[in-house]
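Enquirer: With the sequence up front, the predicted model follows.
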Amino acid sequence: MCQRTGVLSKQWKDLWRHRFPRVITLDFSEQHSGGLEPDDLAAQIRLILLKYHCWWIDSFHLSLFMFDHLRESVTSWIKHVVSRGVEDINLDFHPGQFLRQDDHLLTFESRFTLFEHYFQDTNGCDPMIVVMSLRWCSLHPDFSFQSFRSLEVLCLFQVDLTDIMVERLVSNCPLLEALELRECDLLVYIQVSHPNSRIRRLAVIDCLNVEDIKVSATNLQVFHSHGKFPKRYLFDSTPSLNDVIMTSCIEEHLRKAEMIVEHNHVEVLTQCSRALQHIFGSTNSNFGAFGNLRELQLAMMQMTNENVMDIFHLFREFNFPLLEKIFIEFPTDLKDTPVFNFMNLPTAVAPEIHQFQELQE
């Protein structure tokens, strides 16, 4: 469409309406659903999708517990928003506020299974999805992620998927930059390894059955691990890794975790008291030299008497020549026994420290 205007024409302000198609954002998340019952919310969604049937959809967020009679409707909604060019899709099937007290057994039913063809439009074209978040569902065993060539950010929360599926998504999503795996209990051996991977951020949060994490990603910059520590972390080829966060609230007792980092370029390191004891205190770990570390954060919020010396051990065993900032967070209760013991240690046990010339005030 052509339209002639002058530099000072008042018609400039409306030209974008002719240039770009009509776009709508649909947010049916828990925050914006108004506490509607599942059937009432489903009816509202049907009306809105019918009203804006021909509009392009920029974003689609849905929080809805999956009753059996709603599965067909939800499947059709996914297919429709994908066919209308959705780029940001968030599907949350957790019971949440929709779970009534007499429905508590529903949480033990099988989760809604997603098939890959749900995310292909009616012409069989690949989706335009850039950001995707899934919660409380299962991925069909044949889910290959080959249709997600545009995907850049993926968050899987309480999703049933296998180790091989993680390998598939890393291989078949060439633009993927951020991956978060949260409470995915079927995962055991996580491998994020591909020569052309663009992943910059990787988070593994509360995946309690994971025993091994292997990462070989040249663009990886941030790694976050929280929850039960696996037996082994292996960072094989991660020259860009500069920010590592390792925390846990789980009592590990005698378990030691092995961590191997080749070509250590980490600049910011955050760890809790348990990581300090079970990973950095493990004789099997090999971190190389922390020659680039500039900021160290120690969250000692769950201290035991054994943790008191772990801090000193860290500075005895490792060299931090460029360290500029140290943050140590202790429990707030000074009457706590480990804290009291720490505050009253004789000066004779303190290590000799000669490596902090770069510390800033």
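Expert: Alright, I've got the coordinates. Numbers count the residues shown, from 1 in each chain.
Enquirer: Strands along the stretch 51-200 of the chain, start to end?
Expert: 56-63, 88-92, 112-114, 131-139, 153-160, 178-182, 189-193 (DSSP state E, counting those that start in this stretch).
Enquirer: Relative to F28, which of those strands is closest?
Expert: strand 56-63 (4.9 Å; C-beta to C-beta). For every residue, glycine as well, the C-beta is placed using N, CA and C.
Enquirer: okay, the strands of the stretch 51-200 of the chain in a markdown table with mean neighbour count and mean pLDDT next?
Expert: Formatted as a markdown table, these follow (neighbours: other C-beta atoms under 10 Å; pLDDT from 0 to 100):
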| stretch | mean neighbour count | mean pLDDT |
| --- | --- | --- |
| strand 56-63 | 20 | 96 |
| strand 88-92 | 20 | 98 |
| strand 112-114 | 19 | 95 |
| strand 131-139 | 20 | 97 |
| strand 153-160 | 20 | 98 |
| strand 178-182 | 20 | 98 |
| strand 189-193 | 19 | 97 |
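Enquirer: Turn the ones you listed into JSON lines, columns for distance to N286.
Expert: Listed next are these as JSON lines, based on distance: least, C-beta to C-beta, whole Å:
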{"stretch": "strand 56-63", "distance to N286": "43"}
{"stretch": "strand 88-92", "distance to N286": "40"}
{"stretch": "strand 112-114", "distance to N286": "40"}
{"stretch": "strand 131-139", "distance to N286": "35"}
{"stretch": "strand 153-160", "distance to N286": "30"}
{"stretch": "strand 178-182", "distance to N286": "25"}
{"stretch": "strand 189-193", "distance to N286": "19"}
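Enquirer: To R22, which of the ones you listed lies closest?
Expert: Among the strands of the stretch 51-200 of the chain, the nearest to R22 by C-beta to C-beta is strand 56-63 (6.7 Å).
Enquirer: Contacts for that closest one, please.
Expert: By C-beta atoms under 8 Å, 6 or more residues apart in numbering, the surrounding residues in contact with strand 56-63 are 21-30, 32-33, 45, 74, 77, 81, 84-92, 94, 96.
Enquirer: Centre of the chain to it, how far?
Expert: Mean-position distance between strand 56-63 and its chain equals 20 Å (C-alpha atoms, centre = their mean, to the nearest Å).
Enquirer: Now do it and strand 88-92, the angle between them.
Expert: 20 degrees (axes from the mean of the first three to the mean of the last three C-alpha atoms, to 10 degrees).
Enquirer: Strand 56-63 pairs with which strands?
Expert: Here strand 56-63 has these sheet partners by DSSP bridges: strand 23-28 (parallel), strand 88-92 (parallel).
Enquirer: Off-centre distance for the last one?
Expert: Computed by C-alpha atoms, centre = their mean, the chain-centroid distance of strand 88-92 equals 14 Å.
Enquirer: Run the angle between that strand and strand 131-139 for me.
Expert: If you take the same axes, to 10 degrees, strand 88-92 sits at 40 degrees to strand 131-139.
Enquirer: which residues sit against strand 88-92?
Expert: With contact meaning C-beta under 8 Å, 6+ apart, strand 88-92 is reached by 29-30, 58-64, 78, 81-82, 114, 129-137.
Enquirer: Output it as CSV, restricted to C-alpha atoms.
Expert: Backbone C-alpha positions of strand 88-92 (Å, rounded to 0.1, in the frame of the first residue of the first chain) are rendered in CSV as follows:
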residue,chain,number,x,y,z
ASP,A,88,6.5,-15.8,23.3
ILE,A,89,4.5,-18.8,24.7
ASN,A,90,4.1,-19.7,28.3
LEU,A,91,2.1,-22.8,29.2
ASP,A,92,1.5,-23.5,32.9
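Enquirer: Output the below-cut-off pLDDT ranges for the stretch 1-150 of the chain.
Expert: The model of the stretch 1-150 of the chain has pLDDT under 70 over residues 1-21, 97-110, 122-124.
Enquirer: switch to 90 and redo it
Expert: 1-23, 30-37, 54, 65-68, 95-111, 120-127 (pLDDT under 90).
Enquirer: Which stretches in it count as helices?
Expert: With helices called from DSSP state H, counting those that start in this stretch, the stretch 1-150 of the chain shows them at 15-19, 38-51, 71-83.
Enquirer: SS state for Q277?
Expert: Under DSSP: H, G, I helix; E, B strand; the rest coil, Q277 falls in the helix class.
Enquirer: you'd agree it is up against I311?
Expert: No - taking contacts as C-beta atoms under 8 Å, Q277 lies outside contact range of I311: 10.4 Å.
Enquirer: which one of those two has more residues nearby?
Expert: The neighbour count for Q277 versus I311, taken as other C-beta atoms under 10 Å, is higher for Q277 (20 against 17).
Enquirer: distance of the closest residue to R84 other than its chain neighbours from M303?
Expert: Nearest residue to R84, sequence neighbours excluded (C-beta to C-beta, 6 or more residues apart in numbering): I57, at 4.2 Å. For I57, the distance to M303 (C-beta to C-beta, to the nearest Å) stands at 50 Å.
Enquirer: same check, this time on S150
Expert: Counting by C-beta to C-beta, the gap from S150 to M303 is 46 Å.
Enquirer: neighbour-wise, which of the two wins?
Expert: Neighbours were counted for S150 and for M303 using other C-beta under 10 Å; M303 has more, 22 against 16.
Enquirer: I'd assumed T332 was in contact with the more buried one.
Expert: No - contact criterion C-beta under 8 Å: M303 and T332 do not qualify, at 11.6 Å.
Enquirer: secondary structure class for E251?
Expert: On the three-state scheme (three-state DSSP), E251 is labelled coil.
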